[in-house]
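K.L.:
Just to be clear, the model below is a prediction. Sequence and coordinates:
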Amino acid sequence: MFAVIRTGGKQYKVAAQDVIRIERRDGAPGDTIEFAEVVMLGGDSPVVGAPTVAGATVAGELIEHTRGPKVIAFKKRRRQNSRRKRGHRQDYTLVRITEILTDGRKPAKAAKAPTEADAAPAEAAAKPARRTAAKKAEAGAAGEAAAKPKRAPAKAKTAKAESASEEN
């Protein structure tokens, strides 16, 4: 079974376990995303919506947020000494389609329980940040007391200046 969904102004033909790249959607990796705009359901008996299929939804899992390749927009007006260069990278979201639902059913919740391994890196990352902030504060206080005024560097004599001073 497949479905045609509409999101971000585009239509995508999807089936279960497909990975698609869509316009950026809010959420964190692992979140469930529902696509309510199902334009068509295909399979043994295809159903075409007018404009959408009633009671049909497609559920997917957000894998990651990515960015597309850089696109350069360069405009030049000849003989006018005028040019403009702009770069753009589009934000995308990778989604794995988990299931295609009909008859108004809701997607199964695949909530992950946080494990000790997931919690440990978050705590470890927070501790060094506090230590570095304390070290910066200590260094700032010590740096103010030990700060010396800087002298301007001596000017180097050029060859012309040397020859002029020799003539005098």
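P.N.:
Noted; the coordinates are in hand.

K.L.:
Any idea how many residues pack against Lys70?
P.N.:
For Lys70, the number of neighbouring residues by other C-beta atoms under 10 Å comes to 9. Heads up, the C-betas are built off the backbone N, CA and C, glycines and all.

K.L.:
Hmm, Lys85 and it touching each other?
P.N.:
No - at 11.6 Å, Lys70 does not count as touching Lys85 under the criterion of C-beta atoms under 8 Å.

K.L.:
ok, the residue lying closest to Lys109 once chain neighbours are set aside - contacts?
P.N.:
Nearest residue to Lys109, sequence neighbours excluded (C-beta to C-beta, 6 or more residues apart in numbering): Thr32, at 7.2 Å. By C-beta atoms under 8 Å, 6 or more residues apart in numbering, the contact list for Thr32 reads Ala59, Gly60, Glu61, Leu62, Thr98, Pro107, Lys109, Ala110.

K.L.:
those strands in this protein, which residues are they?
P.N.:
Secondary structure of the chain (DSSP state E): strands at 2-7, 10-15, 19-23, 32-35, 38-42, 47-48, 57-67, 71-77, 82-88, 91-101.

K.L.:
Output those as a markdown table; include the columns mean pLDDT.
P.N.:
Output for these, formatted as a markdown table (pLDDT from 0 to 100):
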| stretch | mean pLDDT |
| --- | --- |
| strand 2-7 | 96 |
| strand 10-15 | 96 |
| strand 19-23 | 96 |
| strand 32-35 | 94 |
| strand 38-42 | 95 |
| strand 47-48 | 93 |
| strand 57-67 | 96 |
| strand 71-77 | 97 |
| strand 82-88 | 97 |
| strand 91-101 | 96 |
